[in-house]
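Enquirer: with the sequence up front, the predicted model follows.
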Amino acid sequence: MLSEKCTRAPRVSSLTASAWLTSGLLLTPLLAPAAQAETATLGAIEVTGERLEDPRAPVDGYRAKTALSATKTSTPIAETPQAISVVTRQQMEDQGVTSVQEALRYSAGVGAEQFGLDSRGDWQSIRGGDPVIFLDGMKKGFGFYNRPRTEPYTLERIEIVRGPSSVMFGQGNVGGIINLASKRPLAEQQSELSLQVGNNGRKQAAIDTTGPLNADGTLLYRLVALGRDSDTQVKQVEDNRVVIAPSITWRPSDRTDWTLMALHQEDRGGSTTQFLPHAGTVKPAPNGLPDIPIDVFMSEPDFDRYDTKEDAVTSLFSHRFNDTWAVRQNLRYSESEVTYQSIYPSFPPTLRDNGDISRVAYANEPNLKSLTVDNQVEAVFGPDNFTHTVIAGLDYQRAESDGRTAFLADIGDLNLYNPVYGNDTRITDADYSDIPENTVRQTGAYLQDQVAINERWIAVLGLRYDNARNKTEGGESFEDNEVTTRAGLMYKTGFGLSPYISYSESFEPINALDAFNQPFKPLEGEQIELGAKYQPRGSASFFTATVYDLQEKNRRAPDPANPNNQIQNGKTEARGVELEAYMALNPGWNVLASYAYTDTEVKEGANEGARLASIPEHTASAWSQHDFAIAGIPGFRAGAGVRYVGSSWDGADELKTPAVTLFDAMIGYGRGNWDLSLNVNNIENETYFSTCLARGDCFVGTKRTVIGSVTYKF
């Protein structure tokens with residue numbers, strides 16, 4: 001690492017408040033020409049060790065050493081008093097992930113596929129909570145159905161921050177957040193073409209090209225594009241996608257960086273969630289019938305749809321004035337449309353003696369427009385033995401949603417063992433009703449100080465004020481004002497061990513309505529965490545151990561009486577232990593290992609005393625990747641992993657979903673510009689259920705997937 005003076009992030013001279021808060025929203029990038037005119041000479045810097053890693057740049061291997069998400073500053077993970085994990089680009093490629101939730105399978109305390117193979121979104125849990133997903137530091141998902149899935153090929157890394165992060169992000173669940181980092185333009189010209197084929201008729205082509213646009217390298221570009229045509233493990237359901245993500249960076253000097261990114265994504269598919277009943281899945285089927293085929297399609301082929309369209313523009317601007325002051329602004333405007341049409345069983349799902357099940361039809365077509373902006377000023381000052389890194393920010397979010405919905409009961413039975421389609425009652429335009437327009441606004445001001453004392457002690461103190469307003473056309477409106485805090489203290493020993501303690505709070509307004517068009521109350525939570533991070537001297541290995549106790553108010557849960565609705569419990573609690581390790585056995589051999597114990601309970605409200613639905617008490621995983629040569633020929637690599645997902649409960653402590661152990665493997669070979677790989681996940685083709693809920697349905701886990709990839713780099 002650099003000496004204390006050199007570890008400070010690049011700094012910039014102070015801004016007046018009026019310049020920073022231009023129009024209340026936009027930190028104008030026109031500051032850059034002024035910065036160019038300014039002449040600055042940096043003094044000599046003495047490097048005493050390894051240079052601090054850029055948390056926005058690609059990572060070589062599996063271990064990222066710095067992260068932005070916990071503090072919004074470039075802080076070493078080993079010096080942050082909070083549990084953090086990073087899934088790098090190489091790990092995603094080696095493990096053959098096809099979705100964000102798959103990328104989280106080997107992270108401690110994360111329920112990576114909470115609702116199994118659900119095409120309607122990426123669903124995961126952290127410490128028993130439902131994490132908020134951010135993209136490049138700004139909230140990504142708004143609402144329930146209007147959550148287009150982020151394509152992992154467009155990402156450089158995924159940062160997982162466990163515990164409340166509301167002081168820095170405002171919208172933060174008590175369990176944690178997930179921050180996705182987009183690929184950005186690079187200064188070195190490089191390109192790749194990738195082709196994939198796999199089971200379920202998967203065919204995918206992608207390109208990723210980046211480099212300078214002019215001779216002096218002040219303009220950089222990147223283009224990421226992907227097209228996929230695929231079926232799924234559920235009959236009649238497709239998984240087709242088109243993504244185009246161009247970006248450009250203007251870097252007139254080493255002080256200024258402005259990146260503009262655009263995204264157009266269209267998904268065409270259906271619902272893989274069939275809401276199969278308990279009988280015939282985790283319980284015996286009636287009348288001696290066999291288990292229900294997990295690939296059964298309960299909807300109608302010419303009706304079922306889950307189509308999404310998303311367009312977004314993102315601006316990421318940063319400038320440093322001198323060795324002390326820096327300013328940044330992240331801004332995104334996005335629009336999305338969803339068409340969700342499906343037919344599923346009447347609730348509670350009941351399988352009859354002859355294999356028939358009654359069905360209902362549901363349609364939801366939400367539209368969303370959202371604006372998010374985060375303005376930051378950072379200052380680093382103080383003597384070497386008492387250094388402050390202070391960040392102050394003002395962020396704003398506005399999300400407007402509307403649409404239409406329809407529901408028909410008793411539209412026709414279907415036999416799950418011998419389905420015959422076309423005997424249903426169809427939804428017509430006359431069945432639709434408008435979804436009232438819902439507008440959520442949130443403005444937050446935050447202040448954080450990271451203090452480094454005598455190269456041993458690290459303290460983090462944070463304070464935030466939020467004003468959140470939720471207005472529903474023709475319905476209830478409310479306004480909340482909330483103050484959240486955080487505090488952390490870490491001690492760095494001389495042999496690489498760093499114990500810490502932290503306290504943090506969360507506040508999460510919910511920009512969604514229940515099935516009766518009523519707004520939800522904001523979520524509130526708090527957590528105490530004790531942990532230790534260990535970096536052995538002279539080794540790249542890294543170990544983390546944590547224990548925590550968190551509580552949350554107003555948590556949402558499935559409504560046992562209505563599958564299209566959610567209810568809010570009064571108070572819930574989660575306590576647990578997490579262990580995570582990255583071991584570099586040699587330069588070509590990486591090992592990841594994790595274990596988590598999660599004990600949850602509903603303290604007040606519906607199902608008081610029960611464990612939270614879908615949260616396994618025990619989870620564990622291990623992944624090993626090794627580079628090697630055969631007969632003196634280098635370039636070979638192989639990986640193998642095991643995932644254990646313990647049993648979970650239905651939310652009422654009446655039905656247990658069985659535990660499952662799954663195995664994954666990868667083999668690859670690279671030579672010159674070519675790279676070939678084969679990934680097989682769930683090698684044994686295990687049939688399992690990720691969760692079963694008290695309302696009567698079960699969610700099917702992902703069966704065996706086989707994907708072969710060919711990549712040409714130039």
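Expert: Cool, the structure landed.
Enquirer: only C-alpha atoms from now on, for both contacts and neighbour counts.
Expert: Will do.
Enquirer: what about the helices in this structure?
Expert: Along the chain, counting by DSSP state H, helices occupy 4-7, 17-20, 31-37, 89-94, 100-103, 166-169.
Enquirer: and the fifth one, what's buried?
Expert: Right, the one you point to is helix 100-103. Of the residues in helix 100-103, 100-103 count as buried by neighbour count, 16 or more other Cα atoms under 10 Å.
Enquirer: which residues does the residue nearest the centre of the chain contact?
Expert: By Cα atoms, centre = their mean, the chain has its centre lying nearest to Ile178, at 3.9 Å. Going by Cα atoms under 8 Å, 6 or more residues apart in numbering, Ile178 touches 131-134, 158-161.
Enquirer: rerun at 7 Å
Expert: Contact analysis of Ile178 by Cα atoms under 7 Å, 6 or more residues apart in numbering lists 131-134, 159-161.
Enquirer: and if you look at Asp307?
Expert: Asp307 neighbours (Cα under 7 Å, 6+ apart): 267-269, 338-340.
Enquirer: picking that back up, can the buried residues of helix 100-103 go into JSON lines with extra columns for pLDDT?
Expert: Output for those, formatted as JSON lines (pLDDT from 0 to 100):
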{"residue": "Val100", "pLDDT": "95"}
{"residue": "Gln101", "pLDDT": "94"}
{"residue": "Glu102", "pLDDT": "95"}
{"residue": "Ala103", "pLDDT": "96"}
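Enquirer: from these, pick the one nearest Arg202.
Expert: Nearest to Arg202, judged by Cα to Cα, of the buried residues of helix 100-103 is Glu102 at 16.6 Å.
Enquirer: check contacts around that closest one.
Expert: Going by Cα under 7 Å, 6+ apart, Glu102 touches Ala112.
Enquirer: now Thr387. Nearest residue, chain neighbours left out?
Expert: With sequence-adjacent residues excluded and distances taken as Cα to Cα, 6 or more residues apart in numbering, Thr387 is closest to Ala452, at 5.1 Å.
Enquirer: show me what that neighbour is bridged to.
Expert: Assessed by DSSP bridges, Ala452 has beta-bridge partners Thr387, Ile458.
Enquirer: give the burial count for it, as a bare number.
Expert: Residues near Ala452, counting by other Cα atoms under 10 Å, number 23.
Enquirer: for this structure, what are the low-confidence residue spans?
Expert: For the chain, residues meeting the criterion pLDDT under 70 lie at 1-51, 511-513, 517, 558, 560-561, 563-564, 569.
Enquirer: make CSV from the buried residues of helix 100-103 and add distance to Leu331 to it.
Expert: Output for the buried residues of helix 100-103, formatted as CSV (distance: Cα to Cα, whole Å):
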residue, distance to Leu331
Val100, 22
Gln101, 25
Glu102, 28
Ala103, 26
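Enquirer: which of these lies closest to Thr232?
Expert: Distances from Thr232 to the buried residues of helix 100-103, taken by Cα to Cα, are shortest for Glu102, at 15.2 Å.
Enquirer: quick one: that closest one and Gln91, what's the gap?
Expert: Noted for Glu102: a distance of 11 Å to Gln91, by Cα to Cα, to the nearest Å.
Enquirer: ditto for Pro519
Expert: From Pro519 across to Gln91, the span is 40 Å (Cα to Cα).
Enquirer: separation between Pro58 and Asp653?
Expert: Distance of Pro58 to Asp653, given as Cα to Cα: 45 Å.
Enquirer: actually Val237, not the one I typed
Expert: In terms of Cα to Cα, Val237 sits 33 Å off from Asp653.
Enquirer: look at these two and report which has more neighbours.
Expert: Taking neighbours as other Cα under 10 Å, Val237 and Asp653 compare with Val237 leading, 23 against 16.
Enquirer: next up, the contacts around that one.
Expert: 231, 269-272.
Enquirer: that older thread, and which of the buried residues of helix 100-103 is nearest Gly576?
Expert: Of those, the one sitting nearest to Gly576 (Cα to Cα) turns out to be Gln101, at 21.5 Å.
Enquirer: tell me how many other residues surround the residue lying closest to Ala545 once chain neighbours are set aside.
Expert: Spatial nearest neighbour of Ala545, excluding adjacent residues (Cα to Cα, 6+ apart): Leu579 at 4.6 Å. When neighbours are counted by other Cα under 10 Å, Leu579 registers 21.
Enquirer: thought Leu579 was touching Val547?
Expert: No. Counting by Cα atoms under 7 Å, Leu579 does not reach Val547; the two are 9.1 Å apart.
Enquirer: ok, now which ones touch Ala70?
Expert: Val161.
Enquirer: which one of the buried residues of helix 100-103 sits closest to Ala574?
Expert: Nearest member of these to Ala574, counting by Cα to Cα, is Gln101, at 21.6 Å.
Enquirer: and the closest one, how far is that from Leu117?
Expert: Applying Cα to Cα, the value for Gln101 to Leu117 is 10 Å.
Enquirer: identify the contacts common to these two.
Expert: Common contacts of Gln101 and Leu117 (Cα under 7 Å, 6+ apart): none found.
Enquirer: which residue ranges of the stretch 301-450 of the chain form strands?
Expert: Ranges of strands in the stretch 301-450 of the chain, per DSSP state E, counting those that start in this stretch, are 305-320, 325-345, 356-357, 359-381, 386-408, 414-415, 433-453.
Enquirer: any idea how far Ala652 is from the spatially closest residue to Arg305 that is not a sequence neighbour?
Expert: Nearest non-adjacent residue to Arg305, counting by Cα to Cα, 6+ apart: Gly270, 4.2 Å away. Distance, Gly270 to Ala652, by Cα to Cα: 30 Å.
Enquirer: more crowded one of those two?
Expert: More neighbours surround Gly270 than the other of Gly270 and Ala652, with 28 against 20 (other Cα under 10 Å).
Enquirer: OK, contacts around that one?
Expert: 237-238, 304-306.
Enquirer: roughly how far does it sit from Glu238?
Expert: As judged by Cα to Cα, Gly270 and Glu238 stand 6 Å apart.
Enquirer: now Thr705
Expert: Separation of Thr705 from Glu238 (Cα to Cα): 15 Å.
Enquirer: hang on, Gly531 packs against Tyr503?
Expert: No. The pair Gly531 and Tyr503 fails to qualify as a contact (Cα under 7 Å) at a distance of 11.8 Å.
Enquirer: is the nearest residue to Ala225 once chain neighbours are set aside bridged to anything, and to what?
Expert: Excluding the flanking residues, the one nearest Ala225 by Cα to Cα, 6+ apart is Ile244, at 4.5 Å. Applying DSSP bridges to Ile244 yields these beta-bridge partners: Ala225, His264.
Enquirer: burial count for Glu552?
Expert: 25.
Enquirer: mind checking the end-to-end distance for stretch 530-548?
Expert: By Cα to Cα, the extent of stretch 530-548 from end to end equals 6 Å.
Enquirer: how near is the spatially closest residue to Thr281 that is not a sequence neighbour to Leu416?
Expert: Using Cα to Cα, 6+ apart and skipping the chain neighbours, the partner closest in space to Thr281 is Asp291 (5.9 Å). Separation of Asp291 from Leu416 (Cα to Cα) stands at 10 Å.
Enquirer: equivalent analysis for Gly121, please.
Expert: According to Cα to Cα, Gly121 and Leu416 sit 25 Å apart.
Enquirer: so who does the closest residue to Trp123 other than its chain neighbours touch?
Expert: Nearest residue to Trp123, sequence neighbours excluded (Cα to Cα, 6+ apart): Gln114, at 5.6 Å. By Cα under 7 Å, 6+ apart, the residues touching Gln114 are 123-125, 614, 690.
Enquirer: name the nearest of those relative to Pro148.
Expert: Trp123 (11.8 Å).
Enquirer: that closest one contacts Leu117, doesn't it?
Expert: No. The criterion here is Cα under 7 Å, and Trp123 misses it with Leu117 at 9.4 Å.
Enquirer: between the two, who's got more neighbours?
Expert: Using other Cα under 10 Å, the more surrounded residue of Trp123 and Leu117 is Leu117, with 24 against 20.
Enquirer: and that one, its phi and psi?
Expert: Backbone torsions of Leu117, given as degrees, to the nearest 10, read phi -80, psi 80.
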